[in-house]
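> The following block contains a protein sequence and its predicted model.
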Amino acid sequence: MSDDRPNLYLLRASDIAARAQSFSHPWNPASEITAYQLAKSTGLRRTGVNFARMAPGKESFVYHSHWQEEEWIYILEGRGIARIDGNEYEVGRGDFMAFPTPGVAHLLRNPFEAELVYLMGGEHREVEIADFPDLGKRMFRHPKGVEIYDLDDAKAFGPLEE
């Protein structure tokens, strides 16, 4: 039995293409991807799966690592450069990258002439901590908002100094 009405549990390829939006990270002027949140659109709340396209010369977001939320990337088409834990690797169709927590810093960029197409996803937790080593920043996301700290200001826990 066929039913062409919209369904919360099924996304058609045509709908994914039509609903994709461009995103960028405010801390990286080269950041720009066109993506659609597949998981969120079908009602998933604890896990994320996103379909993404990256034009030549662009980068995913900003070099970062996660403390709580695992993340992954699977390349569908094209080639890119993955910066992982300070090293660079050329990646292409069929390559999979995983970032368990506490994670290593990572970033995906496309210095090639063809578009890079991939799936990315991971957990969505109520609380997350992410480090941005190139910027010397730490983000703390919690139910009341997001806070950003300078990593240089971090102190070991102990007695208060007077």
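Arrived safely, thanks for sending.
> C-alpha from now on. contacts and neighbour counts both.
Fine.
> And the helices in the protein?
13-19, 38-41 (DSSP state H).
> What residues of the first one count as buried?
Applying a neighbour-count criterion of 16 or more other Cα atoms under 10 Å, one finds residue 16 buried in helix 13-19.
> other SSEs contacting it?
Contacting helix 13-19 under the criterion 3 or more Cα pairs under 8 Å, 6 or more residues apart in numbering; DSSP states H and E are the following elements: strand 33-37.
> Now do the strand it packs on: everything it contacts.
Outside of strand 33-37, the residues within contact range by Cα atoms under 8 Å, 6 or more residues apart in numbering are 16-17, 19-24, 48-55, 58-60.
> Extract the CA atoms of it and return them as CSV.
Extracted as CSV, the C-alpha positions of strand 33-37 are listed here (Å, rounded to 0.1, in the frame of the first residue of the first chain):
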residue,chain,number,x,y,z
ILE,A,33,28.0,23.6,5.1
THR,A,34,24.5,23.0,3.6
ALA,A,35,22.8,20.4,5.7
TYR,A,36,19.5,18.9,6.9
GLN,A,37,18.9,17.5,10.3
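> re the thing from before, just the ones of the contacts of strand 33-37 in strands?
Judged by DSSP state E, the subset of these located in strands is 21, 22, 23, 48, 49, 50, 51, 52, 53, 54.
> Strands of this protein, residue ranges please.
Secondary structure of the chain (DSSP E): strands located at 21-23, 33-37, 47-54, 65-66, 71-77, 79-84, 87-92, 96-99, 106-109, 116-123, 128-132, 137-142, 145-150.
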